[in-house]
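>>> Pasting the sequence and the predicted model now:
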There are 2 protein chains.
Amino acid sequence: MTKLAYRFRDPSLGQLALTHRSVGKPNNERMEFLGDALLGVVVAELLYEAHPHASEGELSRLRAQLVNGQALAVIARELELGDELKLGSGELKSGGFRRESILADAFEALVAAVYLDAGFAECRAVVRALFEPLVAAIPRSSKDAKTRLQELLQARGWSLPHYDLIDSHGEDHAKTFDVSCDISEPEAIRAEGRGSSRRAAEQDAAEAVLRRLQDLKA
Amino acid sequence: MTKLAYRFRDPSLGQLALTHRSVGKPNNERMEFLGDALLGVVVAELLYEAHPHASEGELSRLRAQLVNGQALAVIARELELGDELKLGSGELKSGGFRRESILADAFEALVAAVYLDAGFAECRAVVRALFEPLVAAIPRSSKDAKTRLQELLQARGWSLPHYDLIDSHGEDHAKTFDVSCDISEPEAIRAEGRGSSRRAAEQDAAEAVLRRLQDLKA
């Protein structure tokens, strides 16, 4: 059913999610209420992680860009929800399966249906898979890796990173520096970086630790 | 720490949640963004379960009653968050620990801290324990949609609704009825309903008109 990467244990939940109120009752309206809230929290978390220095206001603004009727209708079309919608005869005739609001509502309801079918972890995974590319497409702020790593650790209340010069080699005018970056929380992670200055090597090492932290969460 | 029925594995998360921005950075503002979304979904689910016949509009209205600055500050006071708040010296002198918005924000941030510390299931359990009594205290709307519509129109002194049978189809034992509901004030609204009895179809149509009236107000 649809291109959603999820198979319902209880297929009737998925069907209800795609049943517009023009069909009568029961329909997907109540699920839509729950799905809207679920989308809100999963996308909030994605942004919270991806933009560790964004203020609350910026995070809200970014979420509103990603979670609105128009954006959700785009996702609904990619999932080909229109083909599976159950509509009353009036909406069918007037092409309701193409209408943005009907598609967006059905997508929200489908998110709730996954939650009701399998719980939060599954629902979160489905929503993250759909929104991660969109979140990644938001331009990162220009802060450097050391700053981003420090702010991310501070935001969680974790210990700050420790940088050490391991080695430097080469002629004075073309020296290369090897630096390690260690963090102890949420677990011990050590990465090394290299650069033409000590500072550049530290940035490189910080970037590597940020990547490892991302992988931990995945 | 506080009367919250939760013990942090990483106590620094709980402390950060209670750190107001007047202290500097890091503070609880970003957590508040995440906590607001988490509260939204957990209370949405509670209402979804407790009010199986409530429309999407009613569910939204009920949630707004339970999740707003004033209501959250009441919970924050019950949890005695004020005693644990970290405030900058200016806010301390002016009694910021008693201020509603600061308390409500800290409570939201604390909800996010539980999520970051232990995941959704724990966070949901903590929030449900706090909100279940409040949800239970909401009077069940025992009134059906036709009654509610009639009372709403009467209260404003507007003309009463008019119901018409549009169509019925299907075998005798599985008939479907289509009914219209018209009101003329505050403006002409017509909605259609469907059900397995004429009365059920009228309820459905009345519900749709109530929704349209809600939308008018929004």
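Arrived safely, thanks for sending.

>>> From the rest of the structure, what touches stretch A:89-104?
A:20, A:22, A:69-70, A:72-73, A:76-77, A:81-83, A:85, A:87, B:192 (Cβ atoms under 8 Å, 6 or more residues apart in numbering or on different chains). No exception for glycine: its C-beta is placed from N, CA and C like everyone else's.

>>> what's the average pLDDT for the longest helix along chain A?
Ranked by number of residues, the top helix in chain A under DSSP state H is helix A:29-50. Helix A:29-50 carries an average pLDDT of 96.

>>> Now find how far off-centre that helix is within its chain.
The chain centroid and the centroid of helix A:29-50 are separated by 10 Å, computed with Cα atoms, centre = their mean, to the nearest Å.

>>> same check, this time on stretch A:122-138
On Cα atoms, centre = their mean, the centre of stretch A:122-138 falls 4 Å from the chain's centre.

>>> If we go by neighbour counts, what in it is buried?
Neighbour-count burial for stretch A:122-138, counted by 16 or more other Cβ atoms under 10 Å in any protein chain shown, picks out A:123-124, A:126-127, A:130-131, A:134-135.

>>> Over to stretch A:40-53?
Residues of stretch A:40-53 classed as buried by neighbour count (16+ other Cβ under 10 Å): A:40-48, A:50-53.

>>> Throw these into JSON lines and include distance to residue B:91, thanks.
As requested, those are arranged in JSON lines below (distance: Cβ to Cβ, whole Å):
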{"residue": "A:40", "distance to residue B:91": "29"}
{"residue": "A:41", "distance to residue B:91": "29"}
{"residue": "A:42", "distance to residue B:91": "33"}
{"residue": "A:43", "distance to residue B:91": "31"}
{"residue": "A:44", "distance to residue B:91": "26"}
{"residue": "A:45", "distance to residue B:91": "29"}
{"residue": "A:46", "distance to residue B:91": "32"}
{"residue": "A:47", "distance to residue B:91": "27"}
{"residue": "A:48", "distance to residue B:91": "25"}
{"residue": "A:50", "distance to residue B:91": "30"}
{"residue": "A:51", "distance to residue B:91": "26"}
{"residue": "A:52", "distance to residue B:91": "25"}
{"residue": "A:53", "distance to residue B:91": "23"}
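
>>> What residues does chain A have near chain B?
By Cβ under 8 Å from any Cβ of the partner chain, the residues of chain A that approach chain B are A:21, A:23-25, A:29-30, A:32-34, A:36-38, A:40-41, A:44-45, A:48, A:54-56, A:59-60, A:88, A:90, A:120-121, A:124, A:151, A:154-158, A:185.

>>> Mind giving me the PyMOL command for buried ones among those residues?
Here is the PyMOL selection string for the buried members of the residues of chain A next to chain B, based on 16+ other Cβ under 10 Å:
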select buried, chain A and resi 21+23+24+25+29+30+32+33+34+36+37+38+40+41+44+45+48+54+56+59+60+88+120+124+151+154+155+156+157+158
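
>>> which one of the buried residues of stretch A:40-53 sits closest to residue B:144?
residue A:40 (30.9 Å; Cβ to Cβ).

>>> Now do the same contact list for the closest one.
Residues near residue A:40 by Cβ under 8 Å, 6+ apart: A:63, A:67, B:37, B:40-41.

>>> change it to 10 Å
A:63, A:67, A:108, B:36-38, B:40-41, B:44 (Cβ atoms under 10 Å, 6 or more residues apart in numbering or on different chains).

>>> Report the separation between residue A:14 and residue B:51.
Distance of residue A:14 to residue B:51, computed by Cβ to Cβ, to the nearest Å: 23 Å.

>>> hang on, residue A:209 in a strand?
No. Under DSSP: H, G, I helix; E, B strand; the rest coil, residue A:209 sits outside any strand and is assigned helix.

>>> Surely it touches residue A:186?
No. The criterion here is Cβ atoms under 10 Å, and residue A:209 misses it with residue A:186 at 11.8 Å.

>>> What is the neighbour count of residue A:66?
Look at residue A:66: counted by other Cβ atoms under 10 Å in any protein chain shown, it has 18 neighbours.

>>> right, and the helix or strand after the lowest-mean-pLDDT helix or strand in chain A?
When the helices and strands of chain A are scored by mean pLDDT, DSSP states H and E, helix A:89-93 comes last with a mean of 79. Next in sequence after helix A:89-93, counting helices and strands by DSSP states H and E, comes helix A:100-118.

>>> returning to that earlier point: sort out which of the contacts of stretch A:89-104 are buried, if you could.
By neighbour count, with 16+ other Cβ under 10 Å, the contacts of stretch A:89-104 hold A:20, A:22, A:72-73, A:76, A:81-82, A:85, A:87, B:192 as buried.

>>> Output these in CSV; the columns should cover pLDDT and secondary structure.
Shown next, in CSV, are those (pLDDT from 0 to 100; DSSP: H, G, I helix; E, B strand; the rest coil):
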residue, pLDDT, secondary structure
A:20, 93, coil
A:22, 85, helix
A:72, 96, helix
A:73, 95, helix
A:76, 96, helix
A:81, 94, helix
A:82, 91, helix
A:85, 93, coil
A:87, 91, coil
B:192, 92, strand
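
>>> Which members of the residues you listed are the farthest-apart pair?
The widest separation within these (Cβ to Cβ) is 25.9 Å, between A:72 and B:192.

>>> Can you list phi and psi of residue A:165 for me?
Per-residue torsions, residue A:165: phi -80, psi 120 (degrees, to the nearest 10).
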